[in-house]
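K.L.:
When you get a sec, could you give me coordinates for this:
(one chain, ligands or ions: 1)
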Amino acid sequence: MKIDASPFAYEFEVDKTALVIIDMQRDFIEPGGFGETLGNNVALLSAIVPACKSVLEAWRTAGGLVVHTREAHRADLLDCPPAKRNRGNPSLRIGDEGPMGRILIAGEPGNQIIPELAPLPGEVVIDKPGKGAFYATPMHNLMQQGGITHLLFMGVTTEVCVQTSMREANDRGYDCLLLEDCTESYFPHFKASAIDMMRAQGGIVGWTAPSGPLLAALQSG
Ligand code: TIU
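P.N.:
Next up is the predicted model:
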């Protein structure tokens, strides 16, 4: 398949491509979670949910591999460096009890992916202790075993976990496309800048495109 993208057309084969949905978990999208403890207005992020859902459903129908990530720490916090826990003096720290359970801890209610985008049985779910999907996770091994060469990115936040993951993927040799209307930041100008910098210099980190051309390509097979 070939779709219009920036800085030029993006070509991929569905069976060698994974849709990677970064951290669409309650911690970032709902009040009372990690995003809000950092001082952010979380209301901005839910606007992308319908577009993400359309892409996810079309991708499932096409039979493509789906990967969901969650920023998640062990209950004993052994995978959470004190520097991360203390940075910015948040109102509630990672591991503290919040309105949706312990902040950013695997298995807690706040750590679940929002119901609209919930993983289906058999889809890959990666719990990651860092901002990137590759650091201290089996992501690269799983993609290599699955013959995946191309990654389509959605999720939050654009300039933090999405950008970090896409840069990690680019350095490992994947051709990456970021879906512009399926990613969001607490800072709209950071979203715009992150998109610009990733596709600049001939696609130095990868490609970007709105979801429309992808949906159209998937529908026409
Ligand atoms: N704070 C912020 O913008 N993001 C994160 O801490 N994690 C993710 O982006 N998932």
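
K.L.:
Where is the longest strand in the chain?
P.N.:
For the chain, the strand with the greatest residue count under DSSP state E is strand 175-184.

K.L.:
Just checking the distance from that one to the centre of its chain.
P.N.:
Centroid separation for strand 175-184 versus its chain: 9 Å, with Cα atoms, centre = their mean, to the nearest Å.

K.L.:
quick one: low-confidence ranges for the chain?
P.N.:
Of all residues in the chain, none has pLDDT under 70.

K.L.:
For it, which residues are neighbours of the ligand?
P.N.:
Within the chain, the positions near the ligand by Cβ under 6 Å from any ligand atom are 23, 28, 38, 71, 131, 156, 157, 160, 161, 186. The C-beta positions use only the backbone N, C-alpha and C, and glycine is treated the same way.

K.L.:
again, 8 Å this time
P.N.:
By Cβ under 8 Å from any ligand atom, the residues of the chain that approach the ligand are 22-23, 28, 34-35, 38, 40, 71, 131, 155-157, 159-162, 164, 185-186.

K.L.:
can you tell me which of the residues you listed are in strands?
P.N.:
Here DSSP E is the test, and the residues of the chain next to the ligand give 22, 71, 155, 156 as lying in strands.

K.L.:
hang on, the earlier thing: which SSE is immediately downstream of the longest strand of the chain?
P.N.:
Per DSSP states H and E, strand 175-184 leads on to helix 188-203 as the next helix or strand towards the C-terminus.

K.L.:
Packing partners of that next one?
P.N.:
When contacts are defined as 3 or more Cβ pairs under 8 Å, 6 or more residues apart in numbering; DSSP states H and E, helix 188-203 packs onto helix 163-171, strand 175-184, strand 207-209.
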